[in-house]
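Colleague: Here is the input, now give the coordinates:
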Amino acid sequence: MNTPTDAEVMAALADAAQENETSDEGRLVLTFEPAISVKGNEYSRLELSEPCVFHVLEASKKIGNRPTQETVYDSQIDLVARVSGWPLTALHALPSRKLDEAIIFVTDFEEKARRQPDEAPSYDDERVLFAKREIEAVNSLWRDMTLREPSVAERRVFKVAQGKGNVTAYMRGEMQLVSSISKWPDAAILKMPISLFARAADYCTGFFIPGPQTGSSSAQT
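Modeller: Numbering: from 1, shown residues only. As a prediction, the model looks like this:
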């Protein structure tokens, strides 16, 4: 995976016949014979691993303010490009089902980590999450993240981002919320594996974005 530098992750915030090989659970390698040839270059090995927050945030910009099937698909292709390092022109030359396989792999990390619509949120006073590997950012190493219920002020900042009504703004709101509570810097947040970030964000927003309704009371916003 192409790991973003501190400069790259901070820039993200500054902007408003194929054979499959799986060596482990967190990695997918697709090989192509013959190789995919685009503009004189050949691509024979597509290697994928879990995206980080930076990859997902940047790819989300392809969706824009009004998601459509086309823009969501473009965002998914962009995510595969960012994780694999392949140019978009080479990905566009792939057989459709192979690209589908790649998309499912890179997007499943977040989808499987997110709280499901029929799943009740956690109201634990504290939640501690641990990264599998230390994350290097702003001259420090980050691994354990301690979270708590958001304050009203922190919730209001999230609501401002949520109110913009697009995927990128919502994700930035989640990032602000997690950063404010955990005291992790933005650069470290953006380098987090997306599955770890999804768990952190869902815990924090779970205090005011409810799970399944039980009774006649209206949902909080």
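Colleague: Spell out the residue ranges of the strands in this protein.
Modeller: 18-24, 27-38, 41-49, 126-137, 140-148 (DSSP state E).
Colleague: mind checking pLDDT for the residue lying closest to G165 once chain neighbours are set aside?
Modeller: Leaving aside its sequence neighbours, G165 sits nearest to N65 (Cβ to Cβ, 6 or more residues apart in numbering; 6.7 Å). For glycine as for every other residue, the C-beta is placed from the backbone atoms N, C-alpha and C. Note for N65: predicted pLDDT of 91.
Colleague: got it, and G215?
Modeller: You'll see G215 listed with a pLDDT of 43.
Colleague: do the same with P193
Modeller: In this model, P193 is scored at 97, pLDDT.
Colleague: show me the contacts for it.
Modeller: 50-52, 109, 131-132 (Cβ atoms under 8 Å, 6 or more residues apart in numbering).
Colleague: give me the number of residues near E50?
Modeller: E50 has 20 neighbouring residues, counting by other Cβ atoms under 10 Å.
Colleague: residues in contact with it?
Modeller: Per Cβ under 8 Å, 6+ apart, neighbours of E50: 1, 26, 106, 109, 193-195.
Colleague: Save those residues as JSON lines, and put in distance to S75 too.
Modeller: Compiled in JSON lines, those are given as follows (distance: Cβ to Cβ, whole Å):
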{"residue": "M1", "distance to S75": "18"}
{"residue": "G26", "distance to S75": "22"}
{"residue": "V106", "distance to S75": "11"}
{"residue": "F109", "distance to S75": "15"}
{"residue": "P193", "distance to S75": "19"}
{"residue": "I194", "distance to S75": "14"}
{"residue": "S195", "distance to S75": "18"}
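Colleague: out of these, who's nearest R156?
Modeller: Lowest distance from R156 to the contacts of E50 (Cβ to Cβ) belongs to I194, with 25.7 Å.
Colleague: Please pick the buried ones from the contacts of P193.
Modeller: 50-52, 109, 131 (16 or more other Cβ atoms under 10 Å).
Colleague: Now distance to K164 and pLDDT too, for the residues you listed, in CSV please.
Modeller: Listed next are those as CSV, based on distance: Cβ to Cβ, whole Å; pLDDT from 0 to 100:
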residue, distance to K164, pLDDT
E50, 27, 97
P51, 23, 97
C52, 23, 97
F109, 25, 97
A131, 29, 96
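Colleague: Which of the contacts of E50 lies at the shortest distance from R143?
Modeller: For these, the closest approach to R143 (Cβ to Cβ) belongs to P193, at 11.9 Å.
Colleague: ok so, going back, count of neighbours near the residue nearest to G165?
Modeller: Using other Cβ under 10 Å, N65 has 11 other residues around it.
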